[in-house]
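Engineer: please find the sequence and the predicted model below.
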Amino acid sequence: MKNLLAITDLTVKEIDKLIETAEDIKENPEKYQDKCNHKRLATLFFEPSTRTRLSFESAMLSLGGKVLGFSDANSSSSSKGESVADTIRVVSNYADIIAMRHPKEGAPLVASMNSSVPIVNAGDGGHNHPTQTLADLLTIKTEKGRLNDLTIGFCGDLKFGRTVHSLIQALARYTGIKIVLISPSELAIPDYVKTDVMDKYNMQYSETTDLEAVMPRLDVLYMTRVQKERFETEEEYYRLKDSYILTTDKLVNAKKDMIILHPLPRVNEIEVAIDKDPRACYFKQVANGRLMRMALILKLLGLDGEKACEEKQPQPLETVKGIMKCKNPRCITTTEQELEQVFKLTENGVYRCIYCEENLEK
Ligand code: NCD
């Protein structure tokens, strides 16, 4: 059985195949309308969502399947103190596949350790959001005609913006990608994305606070919302929330064929007037997300006509269990009773929590 916890669970070949399937679904939806007859998708959303949950549900319904689930942690037994592990042990009796979103980082990994059906991570804290990446990749491919040789600017909350982390992990495996990271230093990209992804894959990247200065170089501008719900203090959020607001005048020096992406929801990072600009592709991402989730459901249920091929994951060099404690307040180990703390020793000699991927401070 295969899960999608991080985008790196898929090979480039598998991603390209999902894109191909999504394109075919778009052209020939009737071919797919009964593929998931008698299959059930459970959507377990412990955290708010509009697009992702409805997109998964619409995807399953369009494949002829059925959906069940909850959209509010307060209406589930987690409000009574039930662990993620127990919830999943229960729900895997009711569904053939589970899409879950959880505020704690690493919750989908815990789910996969307790599930008899495939788990799809629909967003875990500020960590990963691989199915948004699938939507982003199809949009870039459709609009730019390629996934190689692109300069991509990520702007806004790069620290907590999980969609950014997952998309960079995906792009690392394509060639000729240049990344420009645009954020205040307080919202800079986490270290593990730099060391384990961009450095490891020799990606060219630069960091700046000045969006307008780098605008002329960009083929893709990926705007993000400042993630209010992840801040430890409201004060800090209010100080940083308006760091970047894209207005029409800031686009004067942008390439005529640059595309503007945003995973949505938009708060005020993109002026509404920009929606009319043909370069604005954020609502196209929504349509593409549904197609890619359809392709993914088919794949994970083994209904895509492909032979199941398990990708070999690189094994951690060494794991240490039980002795140390993860300090990340957003880590699933802070709330999941009985969950053993596990760290891996990275190539850089630091211990990293296997659930949230935060480094253990020395
Ligand atoms: C994103 C998310 O949940 O991380 N939304 C989405 O799924 N499209 C981005 C966000 O909430 O800012």
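Structural biologist: On my side now, so go ahead. Numbering: from 1, shown residues only.
Engineer: for the ligand, what are the nearby residues on the stretch 51-200 of the chain?
Structural biologist: Applying Cβ under 6 Å from any ligand atom, one finds that the stretch 51-200 of the chain approaches the ligand through 51-52, 123, 129, 132, 162-163. Glycine gets a C-beta too; all of them are placed from N, C-alpha and C.
Engineer: make it 8 Å
Structural biologist: Proximity of the stretch 51-200 of the chain to the ligand is confined to 51-52, 101, 122-123, 129, 132, 135, 157, 161-163 under the rule Cβ under 8 Å from any ligand atom.
Engineer: do the same with the stretch 251-362 of the chain
Structural biologist: With the criterion set to Cβ under 8 Å from any ligand atom, the stretch 251-362 of the chain comes near the ligand through 263-265, 285, 289.
Engineer: show me what counts as buried in stretch 198-212.
Structural biologist: Along stretch 198-212, these residues count as buried under the neighbour rule (16 or more other Cβ atoms under 10 Å): 198, 203, 205, 211.
Engineer: contacts only, for the residue in the stretch 251-362 of the chain positioned nearest to the ligand.
Structural biologist: Among residues of the stretch 251-362 of the chain, the one nearest the ligand by Cβ to the nearest ligand atom turns out to be Pro263. It sits 3.9 Å away. Going by Cβ atoms under 8 Å, 6 or more residues apart in numbering, Pro263 touches 129, 132, 135-136, 163, 224, 282, 285.
Engineer: any chance of these in CSV, plus secondary structure?
Structural biologist: Formatted as CSV, the entries for these read as follows, by DSSP: H, G, I helix; E, B strand; the rest coil:
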residue, secondary structure
His129, coil
Gln132, helix
Ala135, helix
Asp136, helix
Thr163, helix
Thr224, coil
Tyr282, helix
Gln285, helix
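Engineer: what about the helices in the stretch 201-350 of the chain?
Structural biologist: Listed in chain order, the helices of the stretch 201-350 of the chain (DSSP state H, counting those that start in this stretch) span 211-214, 234-240, 282-300.
Engineer: can I get the first one in CSV? Just the C-alpha atoms.
Structural biologist: What follows is helix 211-214, C-alpha atoms only, in CSV (Å, rounded to 0.1, in the frame of the first residue of the first chain):
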residue,chain,number,x,y,z
LEU,A,211,10.0,41.7,-4.3
GLU,A,212,10.2,44.5,-6.9
ALA,A,213,13.9,44.1,-7.4
VAL,A,214,13.6,40.5,-8.4
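Engineer: what packs against it?
Structural biologist: Identification of packing neighbours for helix 211-214 by 3 or more Cβ pairs under 8 Å, 6 or more residues apart in numbering; DSSP states H and E yields strand 150-155, strand 177-182.
Engineer: export those to a markdown table and tack on mean neighbour count and mean pLDDT?
Structural biologist: Putting the helices and strands packed on helix 211-214 into a markdown table (neighbours: other Cβ atoms under 10 Å; pLDDT from 0 to 100) gives the following:
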| stretch | mean neighbour count | mean pLDDT |
| --- | --- | --- |
| strand 150-155 | 22 | 98 |
| strand 177-182 | 23 | 98 |
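Engineer: the buried residues of stretch 198-212 in strands, which ones?
Structural biologist: Assigned to strands by DSSP state E, the following of those qualify: Tyr205.
Engineer: taking the residues of the stretch 251-362 of the chain next to the ligand, tell me the two that lie furthest apart.
Structural biologist: Taking Cβ to Cβ, the two most distant members of these are Pro265 and Gly289; they sit 13.3 Å apart.
Engineer: between these two, which one's more packed in?
Structural biologist: With other Cβ atoms under 10 Å as the criterion, Pro265 and Gly289 differ in neighbour count, and Gly289 comes out ahead with 28 against 11.
Engineer: any idea how far the more buried one is from Asn121?
Structural biologist: When distances are taken as Cβ to Cβ, to the nearest Å, Gly289 and Asn121 turn out to be 14 Å apart.
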